[in-house]
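Participant: Coordinates for the following, if possible.
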Amino acid sequence: MTSSILLRVAAVLAVVQGLAHGSIILFGGANRSADESGVIAVMKSHLFGAGAGRSYWDYYIGYALFAALTCILEGVLFWAVSGTGRQMRPVALVFLAGNLGYAALVGRYFPLRLPIVFDLAIAVCLGLAVLWG
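Facilitator: Take a look at the predicted model:
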């Protein structure tokens with residue numbers, strides 16, 4: 001496999017991850033338990049933020065959508081640099097470290113394993129692209 005193909009595989013994985021994350025945030029609320037719904041109600045009821053009147057829920061949703069958009073932009077960037085040969089190495093190395101960091105944070109703070117699989121798969125693609133680029 002060439003570095004260009006590996007970067008495009010990483011791009012597709014990142015976009016899929018971003019779309020999945022965004023869709024879960026936007027459409028995943030149908031099967032909430034009573035406990036979860038209670039926590040969300042409390043999050044929505046507590047406003048703060050220097051007169052902005054935002055709730056904890058606003059910050060939660062906003063950050064989750066920010067994370068989804070970041071994954072999609074990451075994928076677009078990988079696709080854009082996939083044809084640049086060795087010039088892509090610094091970008092790939094930064095995002096390799098970032099995806100390893102994301103995987104570590106998800107492992108530490110969330111009971112989710114699928115995002116870790118995506119982050120590690122992206123990191124492997126980026127690492128191989130750097131080695132073979």
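Participant: Residue 75 in helix, strand or coil?
Facilitator: helix (DSSP: H, G, I helix; E, B strand; the rest coil).
Participant: What number of residues are in the vicinity of it?
Facilitator: Residue 75 has 23 neighbouring residues, counting by other Cβ atoms under 10 Å. Where you see a C-beta, it was placed from the backbone N, CA and C, and this is true even at glycine.
Participant: Relative to residue 13, how far out is it?
Facilitator: Applying Cβ to Cβ, to the nearest Å, the value for residue 75 to residue 13 is 7 Å.
Participant: what's the lowest-mean-pLDDT helix or strand in the chain packed up against?
Facilitator: For the chain, counting by mean pLDDT, DSSP states H and E, strand 47-48 ranks last in confidence among helices and strands (a mean of 83). Identification of packing neighbours for strand 47-48 by 3 or more Cβ pairs under 8 Å, 6 or more residues apart in numbering; DSSP states H and E yields strand 54-55.
Participant: How about residues contacting the strand it packs on?
Facilitator: Around strand 54-55, the neighbours that count as contacts under Cβ atoms under 8 Å, 6 or more residues apart in numbering are 43-48.
Participant: do the same with stretch 124-133
Facilitator: By Cβ under 8 Å, 6+ apart, the list of residues contacting stretch 124-133 from outside reads 1-4, 6-7, 9-10, 13, 78, 85-86, 88-89, 92-93, 95-96, 99.
Participant: quick one: buried residues of it?
Facilitator: 124-130, 133 (16 or more other Cβ atoms under 10 Å).
Participant: Farthest pair within those?
Facilitator: Greatest spatial distance in the buried residues of stretch 124-133: 124 and 133, 14.3 Å, computed using Cβ to Cβ.
Participant: can you list the weak-confidence ranges in the protein?
Facilitator: 51 (pLDDT under 70).
Participant: hey, where'd the helices end up in it?
Facilitator: For the chain, the helices defined by DSSP state H occupy 3-27, 34-45, 56-81, 89-109, 114-132.
Participant: where's residue 26 relative to residue 68, distance?
Facilitator: As judged by Cβ to Cβ, residue 26 and residue 68 stand 9 Å apart.
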